[in-house]
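Novice: Next one to model:
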Amino acid sequence: MNTTAVESDAFDEETDAELEAEIYEELEASGGEYNVSGVYDPLEGFNRAMWDLNYNYLDPYLARPVSLAYVDYTPSALRTGIKNFLANLDEPASMVNSIIMLEGEQAVTHFNRFWINTTFGIAGLIDIASAADIRKPSERAFGDSMGYYGVGNGPYFMVPLYGPVTLREGVGDTVDGLYFPLTLLNFWQGLGKWAFEGMEDRAALVQQEALLSDSPDPYIFTRDAYIQNKNFRAQGSKILDEEPVDEEYLDDFLDEIEEY
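Specialist: Here you go, the predicted structure:
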């Protein structure tokens, strides 16, 4: 792979980590509850029980050790290839949703990245597009598109092992799965995609574990951060003129919270 691209990715990851930690500290300083709009948690009792199951049992005894073992013992080149391949599968969905959200430039970028990496990057295993300075824009999901046009988040659910999800995001993920090439994946292939991406996301949260555990109410902290992220993503390019830098890092960071 291109040495410059590898060095650039390493720099980006280091910068991301610093900004993610700063954002997490700001959220923690708010006392764990942010008065986020769009929070609808009618099943809070059930959701808290599922949170306890995830946080106290499934995460420390399953998700965390498996994720760290994968990250620590899988060769870096293999991990990068897997991440690139899986991310490439999402480019067409992001392209369609960027069009829906009136983000024409981002839609073209997603399209170009997909055909370049699929054609010249061995089906996406190598990120040729980034090496050619065609940087990946923020991912767009159909849940973001619905939110862009005013559809609310709907009820909030905490699913065992999977993590948080809202009705809008659940419907959106189903629609995104109908786009090529995601529609070609069978159940087990889709499950494998979710598992590999989940392990990467879970391992990335290790540095923020202390802040989460020190929160007055980790359940509220995670729920409100998740909803805040969805509200933020649903604004699309409307906020780019106001906060052109923070959007990228807040988007990536809060996506990781979803997997916790």
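Novice: what pLDDT, on average, does stretch 224-235 get?
Specialist: On average, the pLDDT along stretch 224-235 is 93.
Novice: no wait, stretch 100-120
Specialist: 97.
Novice: again with stretch 168-185
Specialist: For stretch 168-185, the mean confidence score works out to 96.
Novice: got the end-to-end distance for it?
Specialist: Start-to-end span of stretch 168-185 (CA to CA, to the nearest Å) is 22 Å.
Novice: Buried ones in it, by neighbour count?
Specialist: Using 16 or more other CB atoms under 10 Å as the test for burial, stretch 168-185 gives 168-169, 172-173, 175-176, 179, 181-182. In short, each C-beta sits where N, CA and C put it, glycine included.
Novice: Check stretch 141-151 too.
Specialist: 141-148.
Novice: One more: stretch 76-85?
Specialist: In stretch 76-85, counting by 16+ other CB under 10 Å, buried: 79-85.
Novice: Tell me the one among these nearest to residue 163.
Specialist: The closest of the buried residues of stretch 76-85 to residue 163 turns out to be residue 83 (CB to CB; 19.1 Å).
Novice: So what touches the helix or strand that contains that closest one?
Specialist: Here residue 83, judged by DSSP states H and E, is contained in helix 76-89. For helix 76-89, contacts defined as CB atoms under 8 Å, 6 or more residues apart in numbering pick out 1, 70-71, 113-114, 117-118, 121, 123-127, 136, 181-182, 185, 193, 196-197, 200.
Novice: Keep only those of these that are in helices.
Specialist: Mapping the contacts of helix 76-89 onto helices (DSSP state H) picks out 70-71, 113-114, 117-118, 193, 196-197, 200.
Novice: could you dump those residues to TSV with distance to residue 218 and neighbour count?
Specialist: Listed next are the ones in helices among the contacts of helix 76-89 as TSV, based on distance: CB to CB, whole Å; neighbours: other CB atoms under 10 Å:
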residue	distance to residue 218	neighbour count
70	24	18
71	23	16
113	36	26
114	38	21
117	38	27
118	41	20
193	28	17
196	26	17
197	23	17
200	22	18
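Novice: returning to what we had before: any chance of the buried residues of stretch 76-85 in TSV with distance to residue 209 as columns?
Specialist: Below are the buried residues of stretch 76-85 laid out as TSV (distance: CB to CB, whole Å):
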residue	distance to residue 209
79	21
80	24
81	28
82	24
83	22
84	27
85	29
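Novice: need these in CSV with distance to residue 50 and pLDDT, can you?
Specialist: Below are the buried residues of stretch 76-85 laid out as CSV (distance: CB to CB, whole Å; pLDDT from 0 to 100):
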residue, distance to residue 50, pLDDT
79, 30, 97
80, 33, 97
81, 34, 97
82, 29, 97
83, 28, 97
84, 33, 97
85, 31, 98
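Novice: Quick check: residue 165 is in a helix.
Specialist: No. Assigned with DSSP: H, G, I helix; E, B strand; the rest coil, residue 165 falls outside any helix and is strand.
Novice: Neighbours of it, how many?
Specialist: Neighbour count of residue 165, defined by other CB atoms under 10 Å: 21.
Novice: didn't it look like it was pressed against residue 157?
Specialist: Yes. Under the criterion of CB atoms under 8 Å, residue 165 makes contact with residue 157 at 5.4 Å.
Novice: pLDDT score assigned to residue 214?
Specialist: At residue 214, pLDDT is 86.
Novice: Number of residues surrounding it?
Specialist: Count around residue 214 with other CB under 10 Å applied: 11.
Novice: where in the stretch 1-150 of the chain is pLDDT low?
Specialist: 1-34 (pLDDT under 70).
Novice: need the helices for it, in chain order.
Specialist: For the stretch 1-150 of the chain, the helices defined by DSSP state H, counting those that start in this stretch cover 3-29, 44-53, 64-73, 76-89, 91-100, 104-120, 128-131, 142-148.
Novice: Next, format the ones you listed as TSV and append distance to residue 224.
Specialist: Listed next are the helices of the stretch 1-150 of the chain as TSV, based on distance: least, CB to CB, whole Å:
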stretch	distance to residue 224
helix 3-29	8
helix 44-53	12
helix 64-73	23
helix 76-89	27
helix 91-100	24
helix 104-120	27
helix 128-131	33
helix 142-148	16
